[in-house]
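Trainee: show me the folded form of this:
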Amino acid sequence: MNIDPLSNLNERQREAVLSTEGPLLILAGAGAGKTKTIAERIRHLVRQGVAPSAILAITFTNKAAKEMRERVSKMLAEDTSINKPVSMNERPFVSTFHALGVHIIKEQSAKLGLSRHFTIFDRDDSKKAVKEALEKHGYDPKTHDPNKILGVISREKGKGFEAKDFEGRKERGQFMDIVGLVWSEYERILKRDNALDFDDLLLKAMILLKSDKGVREYYRTIWDYVHIDEYQDTNGVQYEMSKLLIGEKQNICVVGDIDQNIYSWRGADIKNILAFEKDYPEAKVILLEENYRSSKTILDAANAIIEKNKIRRKKTLFTSQSLGDKIGIFQGFDEVAEAEFIATKAEDLIKKGTDPSEIAVLYRANFQSRVLEEAFMQHRLPYQLLGTKFFERREIKDILSYLKAAINPDCLADVKRVINVPTRGIGKSTIAKLFSGLDADLPSATKKKISDFYELLKEIKESAENNPPSQTIATIILRSGLEREWKEGKPEDQERLENAYELAAFAGRYDSVAPLEGIESFLGDAALQSDQDEMKEEQKATRLMTVHASKGLEFDYVFVSGLEDGLFPHQKITRENISPEESEEERRLFYVAVTRARKKVFLSYAQVRMVFGKREVNIPSEFVFDIPEELTEEETFDAENSWRRKPLLDIPFD
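Mentor: This is a model prediction of the structure:
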């Protein structure tokens, strides 16, 4: 008996899988099984004789790419209908846009004037470089905010512009003139350090594909079928990269949801997905509207929320699941009462058998997390706050800088960071003389310290070239003196040591390949970590995060807090010169928050809230009233016995 290999798909998903030739736009609603559809489409292509290595799939987060990679690998390995076993070298290329950029740049590094072991500047590195550029031109970083200048540079790079393009603009104003000067110097610093920033990982790859026909045809020859997830979140450069990678057959499949476009603030352009049929006149469009995640009540609420937006392609989510619980709405006097309600409800859910990791607390702005954390600690509830990134911890960045300085000694930023970590008696004035070429004037004892440091870097480089990455990290921890300092230091240093050991364990994931190849992959992945990558799947804890960070995730129970006018929707939408696309983004963000839930959504707001030291009186968000009253119910709790009415105790929590 022949079993239909696509029997687990609904009619629209099946159509998407079978539509393999030419451009295809899949408009997939929240929870509509888009990952499953893409994975099945890739498997179907392989079944039809397409080489797995000829398939490219790009998504936006490391977590999504990892899940897709593992799902596709498992499917191909277990599918007995595929004529020959799929080897590791023939796997589809599944990655994020940034990881794809790194891959192309490393392969073509000579054409870009880079060594293969270039350094990737994180936000902090870039901020320091902008500060250095400001000072070089005689500007005070305290007067001219490096973050603001870096933001302009990042936005311009996301649109596809380089510093030379910016320099030619006229009538920019004083601030933009300063940005132009700083940007040019910033690029010189990057070149000096053999480094690229995050935006360069896309921009340099795009420029290379656009300007070099040989490179462009090389990758078009490799990848016959291109899949791009979350297409609504592409910026100008990602949009261009997508078009440049497509060959004459135009075998491009993009998946997206206009209603989940929430990243305009970092360059995402909703026009890219709206213009797909104009870009590809022969395109086929398929809507995935059947939701497999949420209850009917949640979907009815979500549909009511999003239908008020005008810039969208109409679709209505539906489900075969039960009606489910009503949307809970809680009004608290202040943010403390709101946090207490959320913690109390979460505690009750956990006592009734809910896994803590199936509960999420979402908020619009990071400052809201403080009082929520306090409430969870008082209730002794396990939680994980997403946003405090492991790879941004000081001790982790120190170890990584040792490694990067060893394999890329041109990067003065990394050398400067660790040359006196732990303390070696090499002060700022000594470092300044060293980097200015005046080290001949230094005392002999100081020269010896510097020489010993560079010998240590040589030792680390030798380890990187000959030993597994985990062993190299262990070598750095031991030989640098960091281990000794932390063992002999303050109690908090013990945590730093434990984090360092955790980094070595993380590096162990790359021990199975050649040493330098493993180091390259390890550093690349470490540089591209996102908030979601901090989420420890095995940890039984409630997740606290911004709504933006929750995109692509799902939970049984979701709390959406701070639903007050001016907070959510955010007050930014009242500013002048805002585009219609941006004005509707807050509603899309709320839609994303609600559709994270499978079983029940709790919405809460406070009548009074302390915002940056000022007590503000609020009115409820318009979003609360967008949900039909018959879908909601009032939530209450016993405020008399709340922790804020009791003496605060010094409760240890880890």
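Trainee: from now on I want contacts and neighbour counts done on CA atoms only, so please keep to that.
Mentor: OK.
Trainee: can you tell me the helix or strand for Val415?
Mentor: Counting by DSSP states H and E, the element that carries Val415 is helix 412-418.
Trainee: quick check: next helix or strand after that helix?
Mentor: Helix 412-418 is succeeded, C-terminally, by helix 428-435 (DSSP H and E).
Trainee: report the buried residues of that following helix.
Mentor: By neighbour count with 16 or more other C-alpha atoms under 10 Å, helix 428-435 contains the buried residues Thr430, Ile431, Leu434.
Trainee: can you redo the residues you listed as JSON lines with distance to Leu412?
Mentor: Shown next, in JSON lines, are the buried residues of helix 428-435 (distance: C-alpha to C-alpha, whole Å):
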{"residue": "Thr430", "distance to Leu412": "14"}
{"residue": "Ile431", "distance to Leu412": "10"}
{"residue": "Leu434", "distance to Leu412": "11"}
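Trainee: which one of those residues is nearest Asp125?
Mentor: Ile431 (17.5 Å; C-alpha to C-alpha).
Trainee: who's in contact with the strand or helix carrying Val237?
Mentor: Element membership for Val237, per DSSP H and E: helix 236-244. Applying C-alpha atoms under 8 Å, 6 or more residues apart in numbering, the contact partners of helix 236-244 are 97, 157-160, 202-203, 205-206, 209-210, 216, 228, 267-269, 272.
Trainee: swap in 6 Å and give it another go.
Mentor: Gly158, Lys159, Gly160, Met206 (C-alpha atoms under 6 Å, 6 or more residues apart in numbering).
Trainee: buried sites along it?
Mentor: For helix 236-244, by 16+ other C-alpha under 10 Å, it's Gly236, Val237, Gln238, Tyr239, Glu240, Met241, Ser242, Leu244.
Trainee: Gly566: which of the residues you listed is nearest?
Mentor: Among the buried residues of helix 236-244, and counting by C-alpha to C-alpha, the member closest to Gly566 is Gly236, at 29.6 Å.
Trainee: next one: the closest one from Ser322, what distance?
Mentor: Counting by C-alpha to C-alpha, to the nearest Å, the separation of Gly236 from Ser322 is 42 Å.
Trainee: the top strand by length along the chain - contacts with which helices or strands?
Mentor: Across the chain, the strand with the greatest residue count (assigned by DSSP state E) is strand 597-611. When contacts are defined as 3 or more C-alpha pairs under 6 Å, 6 or more residues apart in numbering; DSSP states H and E, strand 597-611 packs onto strand 327-334, strand 555-560, strand 614-617.
Trainee: could you rerun that using 8 Å?
Mentor: helix 296-306, strand 327-334, helix 335-351, strand 555-560, strand 614-617 (3 or more C-alpha pairs under 8 Å, 6 or more residues apart in numbering; DSSP states H and E).
Trainee: which stretches of this protein aren't confidently modelled?
Mentor: For the chain, the stretches flagged by pLDDT under 70 are 1-3, 83-89, 168, 170-172, 388-389, 530-538, 572-581, 612, 638-654.
Trainee: need the single longest helix in it, by residues.
Mentor: helix 444-466 (DSSP state H).
Trainee: buried set for the next helix or strand along the chain from that helix?
Mentor: Downstream of helix 444-466, the first helix or strand assigned by DSSP H and E is helix 469-479. For helix 469-479, the buried set under the neighbour-count rule, 16+ other C-alpha under 10 Å, comprises Pro469, Ser470, Gln471, Thr472, Ile473, Ala474, Thr475, Ile476, Ile477.
Trainee: against Phe276, how distant is Gly22?
Mentor: 13 Å.
Trainee: then Leu456?
Mentor: 53 Å.
Trainee: repeat for Ser621
Mentor: 34 Å.
Trainee: what of Leu56?
Mentor: On the measure of C-alpha to C-alpha, Leu56 and Phe276 end up 19 Å apart.
Trainee: the more surrounded of those two?
Mentor: Leu56 (22 against 17; other C-alpha atoms under 10 Å).
Trainee: thought the more buried one was touching Val226?
Mentor: Yes: using C-alpha atoms under 8 Å, Leu56 makes contact with Val226 at a distance of 4.8 Å.
Trainee: list the contacts of the longest strand of the chain.
Mentor: 293-295, 298, 324-335, 337-338, 554-564, 594, 615-620, 624.
Trainee: just the buried members of those?
Mentor: Buried among those (16+ other C-alpha under 10 Å): 293-295, 298, 325-332, 334-335, 337-338, 554-564, 594, 618, 620, 624.
Trainee: on that earlier part again, tell me the buried residues in the longest strand of the chain?
Mentor: 597-609.
Trainee: ok, Gln250 - how many residues close by?
Mentor: There are 19 residues near Gln250, going by other C-alpha under 10 Å.
Trainee: again with the one 5 residues further on
Mentor: For Val255, the count of nearby residues is 25 (other C-alpha under 10 Å).
Trainee: partner strands of the helix or strand that contains it and their direction?
Mentor: Here Val255, judged by DSSP H and E, is contained in strand 252-256. Strand pairing for strand 252-256, using DSSP bridges, gives strand 24-28 (parallel), strand 225-228 (parallel).
Trainee: those: which one's closest to Pro569?
Mentor: strand 24-28 (24.6 Å).
Trainee: check which element follows that closest one along the chain.
Mentor: helix 34-47.
Trainee: what is that following helix packed up against?
Mentor: helix 11-18, helix 62-78.
Trainee: and the longest one, which residues are buried?
Mentor: For helix 62-78, the buried set under the neighbour-count rule, 16+ other C-alpha under 10 Å, comprises Asn62, Lys63, Ala64, Ala65, Met68, Arg69, Arg71, Val72, Ser73, Leu76.
Trainee: so what's the residue lying closest to the first one once chain neighbours are set aside up against?
Mentor: Translated: Asn62. Of all residues not flanking Asn62 in the chain, Thr96 sits nearest, at 6.4 Å (C-alpha to C-alpha, 6 or more residues apart in numbering). Listed by C-alpha under 8 Å, 6+ apart, the contact set of Thr96 reads Ile58, Thr59, Phe60, Thr61, Asn62, Ala65.
Trainee: mind checking how far the first one is from Lys128?
Mentor: Between Ile58 and Lys128 the distance, using C-alpha to C-alpha, works out to 31 Å.
Trainee: the fifth one too?
Mentor: With distances defined as C-alpha to C-alpha, the gap from Asn62 to Lys128 amounts to 26 Å.
Trainee: now for Pro141: which residues touch it?
Mentor: Lys131, Leu134, Glu135.
Trainee: ditto for Asn147
Mentor: Lys127.
Trainee: make sure it is indeed in a strand.
Mentor: No: looking at Asn147 with DSSP: H, G, I helix; E, B strand; the rest coil, it is helix, so not inside a strand.
Trainee: between the contacts of helix 236-244, which has the most around it?
Mentor: Met206 leads the contacts of helix 236-244 on contacts (other C-alpha under 10 Å) with 25 neighbours.
Trainee: name the SS class of it, please.
Mentor: Quick answer, by three-state DSSP: Met206 is helix.
Trainee: Leu362 too?
Mentor: Reduced to three states by three-state DSSP, Leu362 is strand.
Trainee: burial measure for it, as a count.
Mentor: As a measure of burial, Leu362 has 26 neighbours, counting by other C-alpha under 10 Å.
Trainee: one more: Leu403?
Mentor: Around Leu403 there are 24 residues (other C-alpha under 10 Å).
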